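Peer 1: got a predicted structure here, sequence first:
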Amino acid sequence: MNGIKTLAVAAVLLLLVVSVSALSAGEARTAWLDAKAQTIDATATHQDAKLQRAANNTPENRQEVVDTGKALQHAALNEAEAWLNWKKLEAQEDPLVSEDIKQRIYADVETNLNKVAELRTEVDAVTNEFELGVVSLKMIGKYFELLADVARNVGLMWASAGSTHADRVAEFEAKIRVTAQSINASQDVIDKLDAAKAEVETAERNIANAEAAYELVRLPGTPFIKFSEGNSYLRAAQANLLSAMASLNQAYLAVTTQAGV
Amino acid sequence: MNKTYLIAALMLAGLLVAGCTSQQPAGSATPTPGASVAATPTPTVVPAGAAVSQGDLDALRQDIESRQYDDLQGLS
C-alpha cells in the first residue's frame, strides 16, 4: 500500500515538473499575475480574521488568525516562486540575451527557489500567533533579499536587449538615409529620418539611466524602488523607439516608392 | 607531286577560312529582322535602403512592442 502511495506521489511530482518546464514565458507571467491576485485575496482574508479576533478573542478566532496568516505567507512565497520561474523562462526564450547573463539568472533563480523552500518549512512549523509574527518579520526581510539579485540581473538583461534594439533602429535609419540621399529624396523624408535619429538618441539616454538604476537594485537600499525606476526608463525608451520606427516606416515607404524598388 | 602540294594547300586554306569564321565575335552577327534576340540584362544599382525590407522593420517593431517591464510590489 505504501509503495503505491509513493508511486502516486512520485507521478504527481513528475507531472508538476513536466507542466512547469512546459510553460512558456508568457504563461509563466500569467501564472505570476494569478499568484499575485491570490496573495491579495489571502491578505484580505487574514485581515478579516484579525478583525474577528479583535472583536471576539476566542481560541477558534485566534487559531483562524494563525491559519489565515500561514496561508498568506504561503501565498507570498508562491508569488515569489512564480516570479522567479517566469524570469528564468523569459531569459531562456530571449534570443537577445547572452549565454553568460542567462547562466547568471539561472543560478540566481535556483539559489532563491531554495530560499523559498526553506521559508516554506518555517511557515509550516508555525503553531501560534507569536511564531507567526516572528516568521512574518523574517519573511519581510528575506523577501527583498530573495528577489533583489534576480531583479538586478533581469533589469540589466532588459537594458541590454533595449540597447540592441536601439542599435538596430539606428542601423536601419542609416541605411535608409544613404538611399534617400542617393535619390535626392524630399526634405520631408530627411525630416522623418532626423526625427527617428533624435528618438533613438533619447532612447539611448533612457536605457543608460535604466542601467544605472538597475545597478542600484541591491541591499541595503531600496531595491524594488530602483527596479521600478529602471523599468520606467525602459518604458520611456520603448516609446522613443516605437516613435522612431513609425518615422522610419514612413521614410522607407517614400524612399522605396521613389526609387522604384 | 605538284598535285599533292596543291591539294594540301587548298585544304590548309579551307581550314584557315573555317577557323577565322568560327572566331568571329557572337555580337557582331547582324540580327535577322523579326528574329527574337535575348535581352542583355541592364546592370541595376540596388539602393542601400533596399537592404532593409518591410519585413525587417515590422519584425523589429513587434519585438520592441512585445517587451513588458513589470514592477515588483514586494509582499502585497
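Peer 2: Thanks, I have the structure now. Because the structure is predicted, anything quoted here is derived from the model rather than measured. Numbering: from 1, shown residues only, chains lettered A, B, ... in the order given.

Peer 1: contacts, neighbours, all on C-alpha from now
Peer 2: Fine.

Peer 1: burial count for A:Trp32?
Peer 2: Counted with other Cα atoms under 10 Å in any protein chain shown, residues neighbouring A:Trp32 total 21.

Peer 1: in the stretch 151-261 of chain A, what spans have low per-residue confidence?
Peer 2: Residue ranges of the stretch 151-261 of chain A with pLDDT under 70: A:259-261.

Peer 1: do that again at 80, thanks
Peer 2: Along the stretch 151-261 of chain A, the model assigns pLDDT under 80 to residues A:258-261.

Peer 1: chain B now?
Peer 2: Checking chain B against pLDDT under 80 turns up B:1-50, B:72-76.

Peer 1: what do you get if the cut-off is 90, keeping everything else the same?
Peer 2: Residues of chain B that meet the criterion pLDDT under 90 lie in B:1-52, B:68, B:70-76.

Peer 1: next one: the stretch 1-150 of chain A
Peer 2: Applying pLDDT under 90 to the stretch 1-150 of chain A flags the ranges A:1-23, A:25-26, A:90, A:94-102, A:104-105, A:108, A:136-150.

Peer 1: does any bit of the strand or helix carrying A:Phe172 sit next to chain B?
Peer 2: Element membership of A:Phe172, judged by DSSP states H and E, is helix A:129-182. Yes. Applying Cα under 8 Å from any Cα of the partner chain, one finds helix A:129-182 touching chain B at A:140, A:143-144, A:162, A:165, A:168, A:172, A:175-180, A:182.

Peer 1: any idea how far apart the tips of stretch A:213-220 sit?
Peer 2: One end of stretch A:213-220 sits 15 Å from the other (Cα to Cα, to the nearest Å).

Peer 1: near chain B at all, that stretch?
Peer 2: No. Figure legend: stretch A:213-220 not in contact with chain B (Cα under 8 Å from any Cα); closest approach 11.8 Å.

Peer 1: the helix or strand following the helix holding A:Phe172 packs against which elements?
Peer 2: Counting by DSSP H and E, the next helix or strand C-terminal to helix A:129-182 is helix A:187-215. Helices and strands touching helix A:187-215, by 3 or more Cα pairs under 8 Å, 6 or more residues apart in numbering or on different chains; DSSP states H and E, are helix A:129-182, helix A:223-259.

Peer 1: may I see the buried residues of helix A:187-215?
Peer 2: Residues of helix A:187-215 classed as buried by neighbour count (16 or more other Cα atoms under 10 Å in any protein chain shown): A:189-190, A:192-204, A:206-215.

Peer 1: the inter-axis angle of the helix holding A:Phe172 versus helix A:187-215?
Peer 2: Computed by axes from the mean of the first three to the mean of the last three Cα atoms, to 10 degrees, the angle separating helix A:129-182 from helix A:187-215 equals 150 degrees.

Peer 1: neighbours of A:Ala251, how many?
Peer 2: With other Cα under 10 Å as criterion, A:Ala251 counts 25.

Peer 1: was I right to think it contacts A:Asp194?
Peer 2: No. At 10.2 Å, A:Ala251 does not count as touching A:Asp194 under the criterion of Cα atoms under 8 Å.

Peer 1: need the three-state assignment for A:Pro220.
Peer 2: Three-state assignment for A:Pro220 (DSSP: H, G, I helix; E, B strand; the rest coil): coil.

Peer 1: that one and chain B, how far apart?
Peer 2: Per Cα to the nearest Cα, to the nearest Å, A:Pro220 is found 15 Å from chain B.

Peer 1: A:Leu77 - nearest residue in space that isn't next to it in sequence?
Peer 2: Excluding the flanking residues, the one nearest A:Leu77 by Cα to Cα, 6 or more residues apart in numbering or on different chains is A:Val116, at 6.3 Å.

Peer 1: please report the distance of the one you found from A:Glu81.
Peer 2: 7 Å.

Peer 1: now do A:Ala203
Peer 2: Following Cα to Cα, the distance that separates A:Ala203 from A:Glu81 is 32 Å.

Peer 1: same question for A:Asn61.
Peer 2: From A:Asn61 to A:Glu81 the distance is 30 Å (Cα to Cα).

Peer 1: the two: who's more crowded?
Peer 2: The residue with more neighbours, out of A:Asn61 and A:Glu81, is A:Glu81; 23 against 18, by other Cα under 10 Å.

Peer 1: quick check: buried residues in the helix or strand encompassing the more buried one?
Peer 2: Assessed by DSSP H and E, A:Glu81 sits inside helix A:59-93. For helix A:59-93, a neighbour-count test (16+ other Cα under 10 Å) marks A:61-92 as buried.

Peer 1: I appreciate the help and will end here.
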